[in-house]
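A.B. asks: Show me the folded form of this:
(one chain, ligands or ions: 2)
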Amino acid sequence: MQTQTQVIGISLLCDLQGKIIEVIRNDLESDRPILKGQLFTAIFDKASLDKTFGFLTELRTQEAAFDWVLTLLVSDKLTPLHFVGSMSNNQLFIVGAKTLSDIDSYFYDELMKLNNEQINAFRQVMKDHQKLSVQTRDRDNQFYDELTQLNSDLAATQRELARKNHELEQQKQELKSLNQALSTTIEMLEKTRNELVQSEKMASLGRLVSGFAHEINTPIGIAVTSSSMITQAGEKINEMLSQDEVSEMELVANIGKMVEGSKLTYSNVRRAAELVTSFKRTSIDQTQETKRLFTLHETIQDIIVSLDSKFHQTNIMVENQCSTHINIYGYPGIISQILNNLLINSIIHGFEGGTLAGNIVIHVQQEDNTVLMTYSDTGKGMNEEVVDRLFEPFYTTKRANGGTGLGMYICYNLVTTRLNGNISCESTLGEGAIFHVSFPIETVL
Ligand SMILES: Nc1ncnc2c1ncn2[C@@H]1O[C@H](COP(=O)(O)OP(=O)(O)OP(=O)(O)O)[C@@H](O)[C@H]1O
Ligand SMILES: [Mg+2]
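C.D. replies: Ligands and ions are numbered 1, 2, ... in the order given. Here you go, the predicted model:
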């Protein structure tokens, strides 16, 4: 039998065990009879048995089940039917139809066939279930929205990450080229520095040579003039001797000129020779000394003793405060040369040629592998200009008294180039002078 709406279906009331209590409607021409008292599961094809149990279980546990497709044999054909059901008062109301949309109208039609009490109870179950599914749907929607949001956030983060990565790569490239530029700059600076050192060396050599030329010019000039004076006087004497009469007075005068001229020539040539000797001392590399192990205290003591004749008649006290444990493998002659210059300077300049009284202290100590020497005198000291120019070649305040101004220049070169150390001076006029000398030492065990 078919309904007016052409919906083909089945509606049943079962107990909780799934036994059919009432067949409300059946327009299926099922191959098996659908009868009251029969089990609901028995009306289906065997292949659908598991699913049928699943439908019943959901119906019992959830009090409702929606859209289960279960297969029946209808006119020898396996026919899938959509099933819905609800549970109330220990009864199961089950409706099946060929399509899901049929179910919607069909279910309520069939529901109307139940008694009022049953209708209300089943309706309530359906309503509750629908509400629940709406909530679930809302929750699903919300979840989906959140998921979508998360997804787009993730995509944005990925895009940001890619952008940052790109930026980083760019920065890396910039750093790389900066690094390269820096290396090139350092190379250039190194080259410029070497060039500067080279040109400073040349300039210093130039200053030295021109200073030397200037210094030697005066005695040589005087020697040239006086030797020509001798020549003239000699010629005059020659001329006089070739004449019949010789004036004795004139002869004596010319001989006197010759003697004077030769004295002047001698003293100036000697001065030039001295200058050459001191100048030679500036080429410190000429020191032909072999390296040896020596005790610094002894070397200092030796130099003080060697200058005894100079200190003998003065009131200058020299004190050797060098630690007795400093053993050096090197050139004691260099140390002697440095100290000799410092001591002679103290006598000549600090104590005005030994006419003033005072003290000289040579204090030396070793720190790690460095020798620290403090040389001090209590003499006249120096003004600022002298301190500033002290180490310049040919700088002297005693030119008239035979000073060449090479002593400190030689000391400076010996300390810096032969000992690989440093020398500096601090002094105030009237308050003595202090020299600091430091250099690394080589020791042998
Ligand atoms: N201990 C000192 N006290 C005061 N002045 C000093 C002392 N040592 C050096 N000077 C000053 O420094 C100048 C330069 O000294 P430096 O030894 O180079 O030349 P010099 O002694 O004048 O000549 P040279 O040593 O060539 O004979 C001196 O002329 C002097 O004015
Ligand atoms: Mg000197």
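
A.B. asks: Up against ligand 1, what does the stretch 251-400 of the chain have?
C.D. replies: 278, 341, 345-346, 349-350, 377, 379-382, 386, 390, 395-398 (C-beta under 6 Å from any ligand atom). Glycine gets a C-beta too; all of them are placed from N, C-alpha and C.

A.B. asks: Domain ranges for the protein, per the record?
C.D. replies: 9-114, 188-283, 285-440 (automatic domain parsing).

A.B. asks: I'd like to know which of the residues of the stretch 251-400 of the chain next to ligand 1 are buried.
C.D. replies: Applying 16 or more other C-beta atoms under 10 Å to those, the neighbour count classes 278, 341, 345-346, 349-350, 377, 379-382, 386, 390, 395-396 as buried.

A.B. asks: mind listing which of these are in helices?
C.D. replies: Among those, DSSP state H puts Ser278, Asn341, Asn345, Val386 in helices.

A.B. asks: so which of those comes closest to ligand 2?
C.D. replies: For those, the residue nearest ligand 2 by C-beta to the ion is Asn345; the value is 4.4 Å.

A.B. asks: would you list the ones in helices among the buried ones among the residues of the stretch 251-400 of the chain next to ligand 1 in TSV and tack on distance to ligand 2 and pLDDT?
C.D. replies: Output for these, formatted as TSV (distance: C-beta to the ion, whole Å; pLDDT from 0 to 100):
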residue	distance to ligand 2	pLDDT
Ser278	10	72
Asn341	6	94
Asn345	4	97
Val386	12	96
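
A.B. asks: Out of the helices and strands in this protein, which is least certain?
C.D. replies: In the chain, no helix or strand scores lower on mean pLDDT, DSSP states H and E than helix 100-111, which sits at a mean of 76.

A.B. asks: right, and the helix or strand after that one?
C.D. replies: Once the chain leaves helix 100-111, the next helix or strand it forms, by DSSP states H and E, is helix 116-242.

A.B. asks: which helices and strands does that next one pack with?
C.D. replies: Secondary-structure packing of helix 116-242 (3 or more C-beta pairs under 8 Å, 6 or more residues apart in numbering; DSSP states H and E): strand 64-74, strand 77-88, strand 91-97, helix 100-111, helix 248-282.

A.B. asks: Excluding chain neighbours, what is closest to the residue in the chain positioned nearest to ligand 2?
C.D. replies: Residue of the chain nearest ligand 2, by C-beta to the ion: Gly407 (2.7 Å). Using C-beta to C-beta, 6 or more residues apart in numbering and skipping the chain neighbours, the partner closest in space to Gly407 is Asn341 (4.4 Å).

A.B. asks: Verify the stated contact: the one you found with Cys411.
C.D. replies: Yes. Using C-beta atoms under 8 Å, Asn341 makes contact with Cys411 at a distance of 5.0 Å.

A.B. asks: Now do the same contact list for Pro393.
C.D. replies: By C-beta atoms under 8 Å, 6 or more residues apart in numbering, Pro393 lies in contact with Ser204, Arg207, Leu208, Gly211, Thr282, Gly405, Leu406, Tyr409.

A.B. asks: Please give the number of neighbouring residues around Phe394.
C.D. replies: Other residues lying near Phe394 total 21 when counted by other C-beta atoms under 10 Å.

A.B. asks: In space, what's closest to it - neighbours in sequence excluded?
C.D. replies: Gly211 (3.7 Å).

A.B. asks: In the sheet, which residues pair with the nearest residue to Ile94 once chain neighbours are set aside? Tell me.
C.D. replies: In this structure, Ile94 finds its nearest non-sequential neighbour in Gly85, 4.1 Å apart by C-beta to C-beta, 6+ apart. With DSSP bridges applied, Gly85 shows beta-bridge pairing to Ala65, Ile94.
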